[in-house]
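Trainee: model the following, please.
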Amino acid sequence: MVTPAKDSDILKWLSIANRYTRIALDRQLQPYRLNASMYYYILRLHEQPRMTQDKLISLTYLNPSNVTRAVNQLVNLGYVRKRQSKTDKRVYELSLTKRGERIYPEIVKIRQAVADALLVDTPAADHDALVAQVRQLALRAVANENPNATE
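Mentor: Next up, the predicted model:
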């Protein structure tokens with residue numbers, strides 16, 4: 001029998017961490033009618049206004065239909081503006097609306113509070129190394145599933 005302290009099933013623990021982190025994010029983002037699947041787009045669009053939808057898809061490592069669905073929800077909520085490119089009619093440029101810009105600082109605070117709660121027992125000096133390790137695991141998982149994916 002495996003004791004809880006010696007349970008080294010990485011897939012189990014990554015899944016549990018993901019599930020409960022998403023629950024915490026969902027709960028705190030609910031007043032904005034957002035969830036853990038949507039807030040990320042607001043962060044990226046604040047950093048890079050007029051980002052194309054294709055660029056956003058490449059940043060997320062998600063299926064394009066999932067990104068399209070989330071972007072359309074954000075448009076319907078009034079947080080994101082979607083405009084056809086003037087130079088290439090096949091491309092859509094995304095940017096935050098004034099409403100989206102107003103909630104950006106709140107989303108940053110919520111994200112940081114959830115991360116802080118998750119890392120509360122990890123020494124601050126170890127945070128960057130832990131993030132680097134988890135990032136490598138995630139990129140390896142992406143590469144194993146999609147050999148054509150690039151960073």
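Trainee: measure the residue at minimal distance from the centre of the chain to residue 103 for me?
Mentor: The centroid of the chain falls nearest to residue 40 when counting by Cα atoms, centre = their mean (3.8 Å). Applying Cβ to Cβ, to the nearest Å, the value for residue 40 to residue 103 is 13 Å. In this view, the C-beta of every residue, glycine as well, is placed from N, C-alpha and C.
Trainee: cool, residue 42 as well?
Mentor: Distance from residue 42 to residue 103, counting by Cβ to Cβ: 7 Å.
Trainee: likewise for residue 35?
Mentor: Remark: distance between residue 35 and residue 103 (Cβ to Cβ) = 14 Å.
Trainee: residue 45 too?
Mentor: In terms of Cβ to Cβ, residue 45 sits 12 Å off from residue 103.
Trainee: can you show me the helices along the protein?
Mentor: 10-29, 39-47, 53-60, 64-76, 98-118, 127-145 (DSSP state H).
Trainee: who has more neighbours, residue 45 and residue 103?
Mentor: A direct count of neighbours by other Cβ atoms under 10 Å for residue 45 and residue 103 places residue 45 higher, at 24 against 21.
Trainee: what's the closest residue in space to the more buried one that isn't next to it in sequence in contact with, if anything?
Mentor: Spatial nearest neighbour of residue 45, chain neighbours left out: residue 96 (5.0 Å); criterion: Cβ to Cβ, 6 or more residues apart in numbering. Residue 96 makes contact with 42, 45, 46, 49, 79, 80, 81, 104, according to Cβ atoms under 8 Å, 6 or more residues apart in numbering.
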